[in-house]
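Peer 1: need a 3D model of the following:
(chains A and B)
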Amino acid sequence: QQKVQQSPESLTVSEGAMASLNCTFSDGTSNNFRWYRQHSAKGLEVLVSIFSDGEKEEGRFTAHLNRANLHVSLHIREPQPSDSAVYLCAVSNTNKVVFGTGTRLQVLP
Amino acid sequence: DMKVTQMPRYLIKRMGENVLLECGQDMSHETMYWYRQDPGLGLQLIYISYDVDSNSEGDIPKGYRVSRKKREHFSLILDSAKTNQTSVYFCASSQDRGNYAEQFFGPGTRLTVL
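Peer 2: Below you'll find the predicted structure:
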């Protein structure tokens, strides 16, 4: 059964410093990966979707996928206090979508 | 403006009471989902609906049932709520039915069962 783990559980960065979040998965046949952001008391919004090894950029958000290492990361360039939220990765294979438990990011002004 | 709405946003019920959570979407999406989110467990799929009256169990369907009589509405029903059903419930919809489809999420309903 697919296991999706995110690290760190929480992360504090200063405004403008790069924030890096990690997600590891157990099923090497997974081929669809998404990063979501969840603000308090709000739903999830998709930030970036990536389907092949390499990187995918959407504005200040860049996902890096390395399926051989079972790893997908999210890098946030020039984070702002409004980026403070919980970030979830979602990993899909042919059977299902599995969500990680999230990384809580705090961006200090 | 594409959106998924959920009502109510907050709900407090006593154990044994019935609970109705409502979800709506204005994107004409065929597929809709109900999840619950608990600390340390991430999002868990309760039910998935592929269209009107076409519903399938997710990973944790026990204690829940769903109803989808119109494409734009999907309801989650708890008959005789239990304290362990205290959680945040999210509804989502997607244009496609596959596991690779991008899901659009509502704002969530925080349910407390006393």
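Peer 1: which residue ranges of chain B form strands?
Peer 2: Remark: strands assigned in chain B by DSSP state E are B:4-7, B:10-13, B:19-25, B:31-38, B:42-51, B:54-57, B:65-70, B:73-78, B:87-94, B:104-105, B:109-113.
Peer 1: and the shortest one, what does it pack against?
Peer 2: Spelled out, that is strand B:104-105. The contact analysis (3 or more Cβ pairs under 8 Å, 6 or more residues apart in numbering or on different chains; DSSP states H and E) places strand B:104-105 against strand B:87-94. (Each C-beta comes from the backbone N, C-alpha and C, glycine too.)
Peer 1: try 10 Å
Peer 2: strand A:44-50, strand B:4-7, strand B:31-38, strand B:87-94 (3 or more Cβ pairs under 10 Å, 6 or more residues apart in numbering or on different chains; DSSP states H and E).
Peer 1: can you give the contact residues for it?
Peer 2: Contact with strand B:104-105 is made by A:36, A:38, A:42-46, B:2-4, B:6, B:25, B:27, B:29, B:32-33, B:35, B:43, B:90-95, as judged by Cβ atoms under 10 Å, 6 or more residues apart in numbering or on different chains.
Peer 1: would you list the buried entries among those?
Peer 2: Listed as buried from those are A:36, A:38, A:43-44, A:46, B:4, B:6, B:25, B:29, B:32-33, B:35, B:43, B:90-94; burial here means 16 or more other Cβ atoms under 10 Å in any protein chain shown.
Peer 1: quick one: mean pLDDT over the helix or strand residue A:72 falls within.
Peer 2: Assigned by DSSP states H and E, residue A:72 falls within strand A:71-76. Mean per-residue pLDDT for strand A:71-76: 98.
Peer 1: what is the rounded mean pLDDT of whichever helix or strand comes after it?
Peer 2: From strand A:71-76 onward toward the C-terminus, using DSSP H and E, the following helix or strand is strand A:85-92. Averaging pLDDT along strand A:85-92 gives 95.
Peer 1: what's next to the next helix or strand after strand A:85-92, contact-wise?
Peer 2: The first helix or strand that comes after strand A:85-92 along the chain, using DSSP H and E, is strand A:97-99. Taking contacts as Cβ under 10 Å, 6+ apart, the residues outside strand A:97-99 that touch it are A:1-4, A:6, A:23, A:25-27, A:30, A:32, A:34, A:36, A:44, A:88-92, B:33, B:35, B:37, B:41-45, B:59, B:94, B:98-101, B:103.
Peer 1: partner strands of strand A:97-99, parallel or antiparallel?
Peer 2: strand A:85-92 (antiparallel) (DSSP bridges).
Peer 1: between the partner strand and strand A:44-50, how big is the angle?
Peer 2: If you take axes from the mean of the first three to the mean of the last three Cα atoms, to 10 degrees, strand A:85-92 sits at 50 degrees to strand A:44-50.
Peer 1: can you give me how far strand A:85-92 is from the chain middle?
Peer 2: Computed by Cα atoms, centre = their mean, to the nearest Å, the chain-centroid distance of strand A:85-92 equals 5 Å.
Peer 1: for stretch B:25-33, same thing?
Peer 2: Distance, centroid of stretch B:25-33 to centroid of chain: 12 Å (Cα atoms, centre = their mean).
Peer 1: repeat for stretch A:36-44
Peer 2: In terms of Cα atoms, centre = their mean, the centre of stretch A:36-44 is found 13 Å from the chain centre.
Peer 1: ok, it near chain B or not?
Peer 2: Yes. Using Cβ under 10 Å from any Cβ of the partner chain, stretch A:36-44 reaches chain B at A:36, A:38, A:39, A:41, A:42, A:43, A:44.
Peer 1: alright, I will stop here.
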